[in-house]
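Chemist: Pasted the sequence and its predicted model underneath.
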Amino acid sequence: MRNDQPKVIFLKDYQAPDYLIDETHLTFELFEDQTLVHAQLILRRNPARGTDLPPLVLDGQQLELLSLKLDDRELTAGDYQLDDSHLTLQPAQASFVIDSTVRIHPEANTALEGLYKSGKMFCTQCEAEGFRKITYYLDRPDVMSKFTTTLSADKQRYPVLLSNGNPIASGEEEGGRHWATWQDPFMKPAYLFALVAGDLWCLEDSFTTMSQREVALRIYVEPENIGKLQHAMDSLKKSMKWDEEVYGREYDLDIFMIVAVNDFNMGAMENKGLNIFNSSCVLAHPETATDAAHQRVEAVVAHEYFHNWSGNRVTCRDWFQLSLKEGFTVFRDAEFSADMNSRTVKRIEDVAFLRTNQFAEDAGPMAHAVRPESFIEISNFYTLTVYEKGSEVVRMLRTLLGAKGFRQGSDLYFDRHDGQAVTCDDFINAMEDANGVDLTQFKRWYSQAGTPRLEVSESYDPAANTYRLAFRQSCPASPGQSEKLPFVIPVELALLDSQGRELPLQLMGEGAPVGIVRVLQVTESEQAFTFLNLADKPLPSLLRGFSAPVKLHFPYSRDQLMFLMQYDSDGFNRWEAGQQLAVQVLQELVGQTQRGDSLLLDPRLIDALRSVLGNEALDPAMVAEMLALPSEAYLTEISEVADVEAIHSAREFARLELATALKSQLLQRYQQARAASRAEPYAATAEQIARRGLQNIALSYLMLLGDAEVLAACEEQFANADNMTERLHAMAVLVNSSHEAEKSRVLAQFAEQFKDDPLVMDQWFSVQAGCSRPGGLERVQALMTHPAFSLKNPNKVRSLIGAFANQNAVNFHCADGAGYRFLADQVITLNALNPQIASRLLTPLTRWRKYAPARQAQMREQLQRIMAEPALSPDVYEVVSKSLA
Ligand code: B3K
Ligand code: ZN
């Protein structure tokens, strides 16, 4: 907690460590009321920093120091200095050994950082700076050490004792205790340290690597969840294979373990050889997990596994370089998911998420570059910008270098830096060196925050048969960055003729056409490209596959968008044309609503979606994506001033009009899909997932009509579905309907059936928290007293309070400001319990500039109320103070 102004850390102040820790020997004595940690550190002066002997400053927080030795000398209070967060002492030689014993209290650790208890098991979370809550250490990623870890605990309560690396010894002690020693042969920073002790069962399997080594695979859970691991295990094996095939990367230890825990601040953690996962990202069973949850498990298992190379073997020099491992690894997991499922659908989902959420972050008070320049609390920088925009930056590199050049670059990067802690520049330099290109200007994507705007205009010269595209890029100011220099923007494009065929592309200065799809590089503020030999004016298909994270503006007419929706050969851009059409139509409805005009939906949107629905050749997953109107959150993001009620009612009006006009087609596709579903058992295959996606969105539309036959279908789906995807969706549409009696009945039935399954109850909370019908806040407040709810469990906080504040705009933004007050109250309570979760929960309040003055004032008032709290954590302090600045 904060006593004085928290310190700002700057990238420009980076200095290599004064000392290195060659070996780390840890012993944990785990008890119910305390844990003793003995650490033996083999240290030496970092030769790169000189030969003098500056004081050694170890990080340490919330530790009770019981004993301290320097070499063989017991130190007493006068020999060292101790404050809130450091232990400082003076070495006498260049090489020395420190032995310390500290007492810590994992049983009382509600922040879920360092060593803590999740239910009955002990586990750790050290990234970014949690290791300093375990023992005194040089807790920074550029200090890499060889770890040997011994755990001792009561054998009956904690039969399983795990840490990183390989098990090397174990034994029994008096008093019913036992111990185990693990050794990790790879040097690693402390943030990758992990230990687990508990009564766990595991699913075992094995994987033979490309060099024919046998790796034991184990996924550990509490006994009641042993039946929900197959999907995660399959995902792990697919990930291991994929990384060999696509990146040539092989796993390096003899054992790879995953442990599922219920109380976890984020999705999962890539500790070397011992990944620790939020149970929501491991457990999957058709009856309890939706298709989306299955896909998330697959993606997160892959992501953490891929970190073994992009993060662990090659790690970050300092936390400003976080995107070095996170952006790259998100890119890797996205490509893996694209290869395992539908590539186009994966891209659509990722882009919709990025544009709605990361673009909002990039335009808000916490905006920062992919490589930030400063922070107060690093936990606040595990952001959409570092992760998702970071991944887009890596994707652009691949677009620019081509698949082969990119692979040569990644090979060089891994070879050159294996075992090192490096920077984003090192990554780019490897890409440059492997390809003989200059990426100096490209590096601005790492240093400049904000979303570039790319305006494109066209002109056609029928006499010369030339077509000119003029690009103008700009980027709004961000906190601390007023001037932005031009980015390198790869624009993948094609030019279509009146039949939708891609035309040969010959640029001015070229002797012949070069392909029909090309990547132009826009590098100047203003830049034009002229295409030759075009007998008619073409229609451009721009920024295909969302080739750069920018806001593209081209003056398409609605008819042109309808044409692209139907004929663009790029699936992503077909969807994108539909979204742009829907945005135009919805914005028109928002205007009508605000003026009090009668609402009129442009019939072209109905026609366009009718033909999508009627297209049996189109992947049903694409049909579902195209039927989904842009979300309220996205419409908010693209508004100058967001009118919450007008956006909601305009969008609901459009949905009802579409449902009415398309009822027969929707019903036909619904019934077809539901019948297929009844005819075969659930499988999480791409084909079935696509079918259920279309079935469910069709049901959402149909339920707006209030028909008895649709209600009956919905209840049938709820009652008879053999899987959570159909059951949960049926419940969600009922909850959002006006069928009060049916709604209460299914909610009660669902809760009774799944009351002992916390992950399913999370979904039950979410569905209700997201319900936009009046009275949302009261419902959420009532649910907070439900026995399955707990503020101490991050999944519960996210699924109830988070879902309310992020996915229920009309209720969260209710006119009297009660939604804001409620959120501020929760942030204040959580600030003391779990600062990381408190600070995450704040996000919707930080977006106050998007709204009209009255709302702005109410939101700011709550931020100020939080700011006035006495013991603010640095996490919350940083977000609130930057939001008010
Ligand atoms: N590297 C971890 C994130 C740790 C967050 C710490 N506050 C999970 C991941 O990105 O794989
Ligand atoms: Zn990661």
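Modeler: Okay, I see it. Ligands and ions are numbered 1, 2, ... in the order given.

Chemist: So what's the residue count around G775?
Modeler: Around G775 there are 11 other residues, counting by other C-beta atoms under 10 Å. Where C-beta positions appear, they are placed from N, C-alpha and C, glycine not excepted.

Chemist: Please identify the helix or strand for the residue nearest to it when sequence neighbours are not counted.
Modeler: Spatially, and ignoring its direct neighbours in sequence, G775 is nearest to N811 (7.8 Å; C-beta to C-beta, 6 or more residues apart in numbering). Using DSSP states H and E, N811 sits in helix 809-812.

Chemist: thinking again about what came up before, from memory the residue nearest to G775 sits against Q781, does it?
Modeler: No: in this structure, N811 is not within contact of Q781 by C-beta atoms under 8 Å, at 11.3 Å.

Chemist: hmm, back to that, please list all residues in contact with the residue nearest to G775.
Modeler: With contact taken as C-beta atoms under 8 Å, 6 or more residues apart in numbering, N811 is in contact with 772, 774-777, 804, 819.

Chemist: Would you report the backbone torsion angles of L841?
Modeler: For L841, the backbone dihedrals (degrees, to the nearest 10) come out as phi -70, psi -20.

Chemist: Name all residues that make contact with it.
Modeler: 797, 801-802, 805, 823, 826-827, 830.

Chemist: Looking from ligand 1, tell me which residue of the stretch 701-850 of the chain is nearest.
Modeler: Relative to ligand 1, the nearest point of the stretch 701-850 of the chain is Q836 (6.1 Å; C-beta to the nearest ligand atom).

Chemist: Report how many residues lie close to that residue.
Modeler: Residues contacting Q836 under the criterion other C-beta under 10 Å number 22.

Chemist: What of D619?
Modeler: For D619, the neighbour count with other C-beta under 10 Å is 18.

Chemist: With the one 5 residues further on instead?
Modeler: For A624, the count of nearby residues is 22 (other C-beta under 10 Å).

Chemist: So which bits of this protein are right by ligand 1?
Modeler: 127-128, 266, 268-270, 303-304, 307, 326, 379, 382 (C-beta under 6 Å from any ligand atom).

Chemist: Show me the residues you listed that map onto strands.
Modeler: 268-269 (DSSP state E).

Chemist: so of the residues of the chain next to ligand 1, which ones are in helices?
Modeler: Those of those mapping onto helices are 303-304, 326, per DSSP state H.

Chemist: In ChimeraX, select just the buried ones from those.
Modeler: In ChimeraX, a selection of the buried entries from those looks like this (16 or more other C-beta atoms under 10 Å):
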select :303,304,326
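
Chemist: of the ones in helices among the residues of the chain next to ligand 1, closest to Y220?
Modeler: Y220 has its nearest neighbour among these in E304, at 14.3 Å by C-beta to C-beta.

Chemist: So, low pLDDT: which residues of the protein?
Modeler: Residue ranges of the chain with pLDDT under 70: 1-4.

Chemist: Look up how far A642 lies from the closest residue to S478 other than its chain neighbours.
Modeler: Once flanking residues are discounted, S478 sits nearest to A449: 3.8 Å by C-beta to C-beta, 6+ apart. Going from A449 to A642 by C-beta to C-beta, to the nearest Å gives 21 Å.

Chemist: When those two are compared, which one has more neighbours?
Modeler: Using other C-beta under 10 Å, the more surrounded residue of A449 and A642 is A449, with 25 against 22.

Chemist: Surely the more buried one and Q481 touch.
Modeler: Yes: shown here, A449 and Q481 form a contact pair, counting by C-beta under 8 Å, at 5.8 Å.

Chemist: Quick check: neighbours shared by these two?
Modeler: In the contact map built from C-beta under 8 Å, 6+ apart, the residues linked to both A449 and Q481 are A369.

Chemist: Quick check, the residue in the protein closest to ligand 1?
Modeler: Nearest to ligand 1 in the chain, going by C-beta to the nearest ligand atom, is E127, at a distance of 4.1 Å.

Chemist: Please report how far that residue lies from R865.
Modeler: With distances taken as C-beta to C-beta, E127 is found 31 Å from R865.

Chemist: repeat for L354
Modeler: From L354 to R865 the distance is 32 Å (C-beta to C-beta).

Chemist: Who has more neighbours out of those two?
Modeler: L354 (22 against 16).

Chemist: Any idea how many residues pack against the residue nearest to Y191 when sequence neighbours are not counted?
Modeler: Take Y191 and drop its neighbours on the chain: the residue closest to it by C-beta to C-beta, 6+ apart is E127, 4.1 Å away. Neighbour count of E127, defined by other C-beta under 10 Å: 25.

Chemist: ditto for E632
Modeler: As a burial measure, E632 scores 22 neighbours (other C-beta under 10 Å).

Chemist: Setting aside sequence neighbours, what's the nearest residue to M703?
Modeler: V733 is the one closest to M703 (C-beta to C-beta, 6+ apart), at 4.5 Å.

Chemist: And the one you found, its phi and psi?
Modeler: phi -70, psi -30.

Chemist: can you pull the contacts of it?
Modeler: Here V733 is in contact with 699-700, 703, 714 (criterion: C-beta under 8 Å, 6+ apart).

Chemist: mind giving me JSON lines with the residues you listed and columns for secondary structure?
Modeler: Shown next, in JSON lines, are those (DSSP: H, G, I helix; E, B strand; the rest coil):
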{"residue": "L699", "secondary structure": "helix"}
{"residue": "S700", "secondary structure": "helix"}
{"residue": "M703", "secondary structure": "helix"}
{"residue": "C714", "secondary structure": "helix"}
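
Chemist: Turn these into TSV, including neighbour count and distance to ligand 2.
Modeler: Shown next, in TSV, are these (neighbours: other C-beta atoms under 10 Å; distance: C-beta to the ion, whole Å):
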residue	neighbour count	distance to ligand 2
L699	23	35
S700	19	33
M703	22	38
C714	24	38
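
Chemist: Can you name every helix or strand that the one helix or strand I348 maps to contacts?
Modeler: Per DSSP H and E: I348 is located in helix 343-353. Packing partners of helix 343-353 (3 or more C-beta pairs under 8 Å, 6 or more residues apart in numbering; DSSP states H and E): helix 322-340, helix 571-595, helix 620-627.

Chemist: thinking again about what came up before, and ligand 2, which of the residues of the chain next to ligand 1 contact it?
Modeler: Filtering the residues of the chain next to ligand 1 for neighbours of ligand 2 using C-beta under 5 Å from the ion leaves E326.

Chemist: just to revisit the earlier point, can you tell me which of the contacts of L841 lies closest to S410?
Modeler: G802 (35.1 Å).

Chemist: Now for that closest one, how many residues are close by?
Modeler: Neighbourhood size, G802 [other C-beta under 10 Å]: 23.

Chemist: In space, what's closest to it - neighbours in sequence excluded?
Modeler: With sequence-adjacent residues excluded and distances taken as C-beta to C-beta, 6+ apart, G802 is closest to L841, at 6.3 Å.
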